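Peer 1: mind looking at a prediction? Sequence and model below.
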Number of protein chains: 2
Amino acid sequence: METTTVKEISILKNGHVTSPSGFYAGGVHCGLRRKKLDLGWIYSDTPASAAGVYTQNTFQAAPLLITKHTIEHSKQIQSIIVNSANANSFTGKQGYEDALLMQKLVANQLNIEQHHVAVASTGVIGERLPMDKVRNGIRQLSHTQVDAESFEKAILTTDTSTKHVAVQVEIDGKLVTIGGAAKGSGMIHPNMATMLSFITTDANVNQDSLQQALRKVTDQSYNQITVDGDSSTNDMVLVLANGRAENNELNESHPEWSVFMDAWNIVAIELAKMIARDGEGATKLIEVIVKGASTNQQASQIAKAVISSNLVKTAIYGNDANWGRIIGAIGYSGVPVEASKLSIAIGGIQVVNNGEPIDFDEKDCKQALNQETVNIVIDLQSGMDTATAWGCDLTYDYIRINASYRT
Amino acid sequence: METTTVKEISILKNGHVTSPSGFYAGGVHCGLRRKKLDLGWIYSDTPASAAGVYTQNTFQAAPLLITKHTIEHSKQIQSIIVNSANANSFTGKQGYEDALLMQKLVANQLNIEQHHVAVASTGVIGERLPMDKVRNGIRQLSHTQVDAESFEKAILTTDTSTKHVAVQVEIDGKLVTIGGAAKGSGMIHPNMATMLSFITTDANVNQDSLQQALRKVTDQSYNQITVDGDSSTNDMVLVLANGRAENNELNESHPEWSVFMDAWNIVAIELAKMIARDGEGATKLIEVIVKGASTNQQASQIAKAVISSNLVKTAIYGNDANWGRIIGAIGYSGVPVEASKLSIAIGGIQVVNNGEPIDFDEKDCKQALNQETVNIVIDLQSGMDTATAWGCDLTYDYIRINASYRT
């Protein structure tokens, strides 16, 4: 346990949830959306250790409740079924029956146990799922398909692009792969879990360790992003580990646990950033880094206040280094901050140093903000802790998309 | 104290901060803005009992700190000086000196005590006040001017209209008048106090009672509005009571205290609603009424979650009765709610009843939402408490205004 060797983690060029051994995926059009794919699935050729984190919203949607219950009891999942366009949320008892039926139909179609099927839905809240369409879609499921791209497309709502990544690392001399997919891109302000994200790995991982680690990973990735401050009723992150890499079972005392965690964190953070970058109407990814905090929790609280501010988001959209709005947000974050120690840089340009405004060239700053990724670095100079949060600018297109989403 | 007679409170047709006896006001252009008025003042011909509530933002601006300190010590105010365009916030020690100088210059100009002058600023954060311009402006102050409209104009930033109101009521057989003015219209998400609002009355009111009552009034009015979820560094509400109505001193045990409070509440709520309606880019006032809650605090928490939701705000802008977004916001408000008891009406049209979706005519609903004021009524059916919150829709113009505010 004392010999920590530096391990190389490689990011695959075109990584997917099907990159780890033994995972299959696909997506079909069943009629929930007009033309686009709307029903996707992941399948593992052997039941996989599973863990999940779920939205803290009071009104947890029916599919989420069923998936949570299923994983708590069976600890294993072999297939995940996901529909878009309809969240099956706030749909009462019938909505619960519908989600249960989805689970059963998938089990029958793939000839696996019903308690090895996870169900997820995303889309409009408050409308019943048209189960005839879903039933027809599930009839097209196959456990031999390797079409992760169709899966990634089928789970999207207002997203403009699919979100996927995979990394590889050696553990116990075995090649371990971790893949992931996610969807955004509105109602994104995760509180503990988040939107939908699915992570697959062929690593052999203890289920208890997997669940505990998922919470940690989530806190540093999905829970650090926001698009619009709205937390959905359907958010969940699921991880499936099918053990096909044949490494010794990973848990907190395995000598290479931290290597595995590092690799997993890369996957989760990359997906989280993709969600933020593709936030509804976004033109930019905003990355807020808070340094020099007394605690990680305080750093995170400030980072999230700044990334959530509509005024900061519109200023960045307008390439305006209006740092007073960052001050405003730090000030209402609830964290005590010493003004005289505060330093702020936007896009690499120092605007506040030890509490004093710095003269900066407005043109340079406009250029520094006119980038696809804009960093805001806030140094509190009061401790050693740090946190990063991701979000996006607030634009005309956010209004366009959301003033006409349902109709 | 047992004989509460119903008192008629009349709203004046064109009420201002100068409607109560002995109050004067004016506004000038001193060069902080290009052409518009930018320096305003209120003057009472006798020192008035004063009370204030202030932003909870960590970085309280210099003028706010001075005003707070002044009122805490002198308990009385005779003049309020307000500049727009520059918040004199996060301007360090020099900013504090500048605000102090403003206070002194006003005292000299009006020949009153320095500790009877309140100072307020609003505008861009982080820039020094050009004191030569402010000094020239203060030279134009007069204690005989009755030009409330110039005052109301001088305190505006991105507001599109002035905000003023006055009411009258009889107390101890004397006519008591309460007037008020306010400005919005961005960085509005008050946490205890709010933006700038000034209330004048000729009532004779005990200073302790005035301060305590101001907090209560604020909680039900200014603290119940939001425009963009951002709390400013400069928010404050001040009230001046100069006693010119010659009623017996009002305090909590005065038989007509509740009449005075009712009248005051009307002024505060009207001003708060004007701020919400004139929120940056707004086309509509949204009023969220939560009924049947177990506590007032819970009702308020839900009302504020719904009114703050970008997704609800854009849906109302688009005349889209997308009630799933209201469900989403109630669900993340942090208040436990029983889904099966929940009823929701939008613009008078029932969309959810006892937890069940109600079929409604989309056309009727579109029409009901296409109004200047849209009510959302949420009935929890779990208690007797109620709360109302006010806000506005989120539109293209909010983006336009805030992507180019400073430059």
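Peer 2: Yep, that arrived.

Peer 1: nearest spatial neighbour of the residue in the stretch 51-200 of chain A that chain B sits nearest to, skipping sequence neighbours?
Peer 2: The minimum distance from the stretch 51-200 of chain A to chain B, using CB to the nearest CB, falls at residue A:125 (2.7 Å). (C-beta placed from N, C-alpha, C; glycine too.) Leaving out its chain neighbours, the residue that sits closest to residue A:125 by CB to CB, 6 or more residues apart in numbering or on different chains is residue B:324, at 2.7 Å.

Peer 1: list the contacts of the one you found.
Peer 2: Counting by CB atoms under 8 Å, 6 or more residues apart in numbering or on different chains, residue B:324 touches A:87, A:89-90, A:124-127, A:406.

Peer 1: the residue of the stretch 51-200 of chain A closest to chain B against residue A:87, yeah?
Peer 2: Yes: the criterion here is CB atoms under 8 Å, and residue A:125 meets it with residue A:87 at 5.0 Å.

Peer 1: who has more neighbours, those two?
Peer 2: residue A:87 (30 against 27; other CB atoms under 10 Å in any protein chain shown).

Peer 1: measure that one to residue A:19 for me?
Peer 2: Distance from residue A:87 to residue A:19, counting by CB to CB, to the nearest Å: 28 Å.

Peer 1: the longest helix along chain A packs against which elements?
Peer 2: The helix that spans the most residues within chain A, counting by DSSP state H, is helix A:257-277. Packing contacts for helix A:257-277, counted by 3 or more CB pairs under 8 Å, 6 or more residues apart in numbering or on different chains; DSSP states H and E, involve strand A:163-171, strand A:174-183, strand A:196-201, helix A:207-220, strand A:285-293, strand A:385-392.

Peer 1: output that helix as CSV, nothing but the C-alphas.
Peer 2: Extracted in CSV, the C-alpha atoms of helix A:257-277 (Å, rounded to 0.1, in the frame of the first residue of the first chain):
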residue,chain,number,x,y,z
TRP,A,257,-7.6,2.0,-5.8
SER,A,258,-6.4,5.6,-6.3
VAL,A,259,-5.4,4.8,-9.9
PHE,A,260,-8.9,3.5,-10.6
MET,A,261,-10.4,6.5,-8.9
ASP,A,262,-8.3,8.9,-10.9
ALA,A,263,-9.3,7.3,-14.1
TRP,A,264,-13.0,7.3,-13.1
ASN,A,265,-12.8,11.0,-12.1
ILE,A,266,-11.5,11.8,-15.6
VAL,A,267,-14.5,10.2,-17.1
ALA,A,268,-16.9,11.9,-14.8
ILE,A,269,-15.4,15.3,-15.0
GLU,A,270,-15.1,15.2,-18.8
LEU,A,271,-18.8,14.2,-19.1
ALA,A,272,-19.8,16.9,-16.6
LYS,A,273,-17.9,19.5,-18.6
MET,A,274,-19.5,18.3,-21.8
ILE,A,275,-22.9,18.8,-20.2
ALA,A,276,-22.0,22.3,-19.1
ARG,A,277,-20.5,23.3,-22.4
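
Peer 1: name the residues of that helix that come out as buried.
Peer 2: A:257, A:259-261, A:263-277 (16 or more other CB atoms under 10 Å in any protein chain shown).

Peer 1: so for residue B:242, which of the helices and strands packed on helix A:257-277 sits nearest?
Peer 2: Closest to residue B:242 of these, according to CB to CB: strand A:285-293, at 47.3 Å.

Peer 1: so in that sheet, which strands flank the closest one, and in what orientation?
Peer 2: strand A:373-379 (parallel), strand A:385-392 (antiparallel) (DSSP bridges).

Peer 1: now do it and helix A:257-277, the angle between them.
Peer 2: 130 degrees (axes from the mean of the first three to the mean of the last three CA atoms, to 10 degrees).

Peer 1: centre of the chain to strand A:285-293, how far?
Peer 2: 18 Å (CA atoms, centre = their mean, to the nearest Å).

Peer 1: quick one: mean pLDDT over that strand.
Peer 2: The average pLDDT for strand A:285-293 rounds to 96.

Peer 1: would you mind identifying the next helix or strand past it?
Peer 2: helix A:296-308 (DSSP states H and E).

Peer 1: buried residues, that next one. List them.
Peer 2: Those would be A:296, A:298-308, for helix A:296-308 by 16+ other CB under 10 Å.

Peer 1: for chain B, what are the nearby residues on the stretch 101-250 of chain A?
Peer 2: Residues of the stretch 101-250 of chain A lying close to chain B (CB under 8 Å from any CB of the partner chain) are A:124-127, A:186-187, A:189, A:191, A:228-233.

Peer 1: closest one to residue B:117 among the helices and strands packed on helix A:257-277?
Peer 2: Nearest of the helices and strands packed on helix A:257-277 (CB to CB): strand A:285-293, 38.5 Å.

Peer 1: show me what that closest one is in contact with.
Peer 2: A:273, A:276-277, A:299-300, A:302-303, A:306-307, A:312-313, A:316, A:335, A:341, A:372-393.

Peer 1: so that strand versus helix A:296-308, what angle?
Peer 2: Going by the same axes, to 10 degrees, strand A:285-293 makes 150 degrees with helix A:296-308.

Peer 1: and the contacts of residue B:324, which of them are buried?
Peer 2: Buried among those (16+ other CB under 10 Å): A:87, A:89-90, A:124-127, A:406.

Peer 1: rewinding a little: which of the contacts of strand A:285-293 are buried? Put it as a PyMOL command.
Peer 2: Applying 16+ other CB under 10 Å to those, the buried members can be selected in PyMOL as follows:
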select buried, chain A and resi 273+276+277+299+300+302+303+306+307+312+313+316+335+374+375+376+377+378+379+380+382+385+386+387+388+389+390+391+392+393
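
Peer 1: chain center to the strand ranked longest in chain A: distance?
Peer 2: Ranked by residue count under DSSP state E, the longest strand found in chain A is strand A:39-54. Centroid separation for strand A:39-54 versus its chain: 16 Å, with CA atoms, centre = their mean.
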